[in-house]
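J.: sequence first, then the predicted structure, then my questions.
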Amino acid sequence: MFKISEFSKISQVSVKTLRYYDQLNLLKPDFTDKHTGYRYYSADQMLQLNRILAYKELGFSLDQIRQMLDEQIPIEQIRGMFRVKQNEILSILEKEQARLTRIKDRLSFIENEGANLTRHDVILKEVEQQLVMSYRQRASLAQIPELFRQLDSQLPGSTPSSLTQMVLWHGCDECDDDIDIEVARVLPQELTSRPPFIVKQLPQVPLMATLVHHCHTTAPCTASTELALWIERNGYRMIENEPRREICLPHNKSIDPEAYIAEVQIAVVKA
């Protein structure tokens with residue numbers, strides 16, 4: 001048997017924490033002297049303490065840990081708790097990855113301030129109305145391939161891969177980490193809408209500022225920033241409530257599967 005101070009030294013867990021675990025009925029001393037109040041722990045309890053610390057490191061709350069240590073709890077319920085925790089961590093990782101991408105993008109912008117930020121040619125052109133099937137959701141950048149997968153499942157046969165792929169970026173004042181994203185495929189002919197998959201006509205835009213850029217799916221891209229700077233510096237302004245469009249262009253993916261070529265389009269008028 002070990003006094004609480006000795007058990008603390010061996011386990012490298014503070015006496016204060018051990019007393020707190022006792023109060024929570026998470027790890028009670030093996031024996032408490034009625035006369036002195038001294039707490040004593042057995043060597044076997046070191047295994048239980050290590051399990052508590054391991055669960056805590058995985059992000060479980062002390063209340064969840066107490067449930068998992070209860071011998072009466074079914075193993076399937078423990079598995080369920082681990083699955084929930086796994087999904088929580090995956091969601092956090094996804095949001096942090098999106099945050100990291102924005103930080104890299106901003107850092108690239110800062111490092112290039114004062115230099116020639118518009119490295120691409122900007123072209124002004126008229127864009128005709130386009131028939132599309134689209135799917136709009138609040139989602140992260142990492143979810144875009146899944147949104148297209150769901151959209152493509154609504155299109156007939158092997159058609160999707162041959163249809164132009166487009167992303168419409170909507171403004172969203174209420175969104176936090178997610179973005180108001182609308183993925184779309186340009187249609188050659190009318191189809192029936194199957195909500196939330198909507199067939200509609202994108203309106204004609206008399207004047208679009210456009211920029212073709214090469215990007216990598218794992219690297220930050222400053223194309224939209226460059227286009228916005230060009231618009232501001234050349235006496236134009238963006239049309240309010242008109243989403244930015246990004247059209248993927250066909251290219252040889254065998255060279256680099258992670259690379260893509262796209263045209264960014266922003267509706268503008270002369271300021």
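T.: Right, received. Where do you want to start?
J.: could you work out the end-to-end span of stretch 187-206 for me?
T.: Start and end residues of stretch 187-206 are separated by 21 Å (CA to CA, to the nearest Å).
J.: how many neighbours does Met208 have?
T.: 19 (other CB atoms under 10 Å). For the C-beta atoms, the positions are set from N, CA and C on the backbone; glycine is no exception.
J.: pretty sure it contacts Gln130?
T.: No - Met208 lies out of contact with Gln130 (CB atoms under 8 Å); the separation is 11.9 Å.
J.: can you say which helix or strand has the closest residue to Pro243 other than its chain neighbours in it?
T.: Nearest residue to Pro243, sequence neighbours excluded (CB to CB, 6 or more residues apart in numbering): Leu168, at 4.2 Å. Under the criterion of DSSP states H and E, Leu168 resides in strand 165-170.
J.: show me what that strand is packed against.
T.: Applying 3 or more CB pairs under 8 Å, 6 or more residues apart in numbering; DSSP states H and E, one finds that strand 165-170 contacts strand 130-139, strand 179-186, strand 244-249.
J.: for the longest one, what does the pLDDT average out to?
T.: If I follow you right, that is strand 130-139. For strand 130-139, mean pLDDT rounds to 95.
J.: angle of the helix or strand Glu76 falls within against strand 130-139?
T.: Per DSSP H and E, Glu76 falls inside helix 75-112. On the basis of axes from the mean of the first three to the mean of the last three CA atoms, to 10 degrees, helix 75-112 is oriented at 110 degrees to strand 130-139.
J.: right, and the helix or strand after helix 75-112?
T.: The helix or strand immediately downstream of helix 75-112 is strand 122-127, counting by DSSP H and E.
J.: low pLDDT regions in the stretch 101-250 of the chain?
T.: For the stretch 101-250 of the chain, the stretches flagged by pLDDT under 70 are 105-106, 109-119, 158, 176, 216-221.
J.: what about 50?
T.: Across the stretch 101-250 of the chain, the ranges flagged by pLDDT under 50 are 114, 116-117.
J.: is it true that Arg138 touches Cys172?
T.: Yes - between Arg138 and Cys172 there is a contact at 6.9 Å, judged by CB under 8 Å.
J.: got the phi and psi for Glu174?
T.: phi -90, psi -10 (degrees, to the nearest 10).
J.: stretch 96-103: which residues count as buried?
T.: Neighbour counts over stretch 96-103 (16 or more other CB atoms under 10 Å) mark Ala98, Thr101 as buried.
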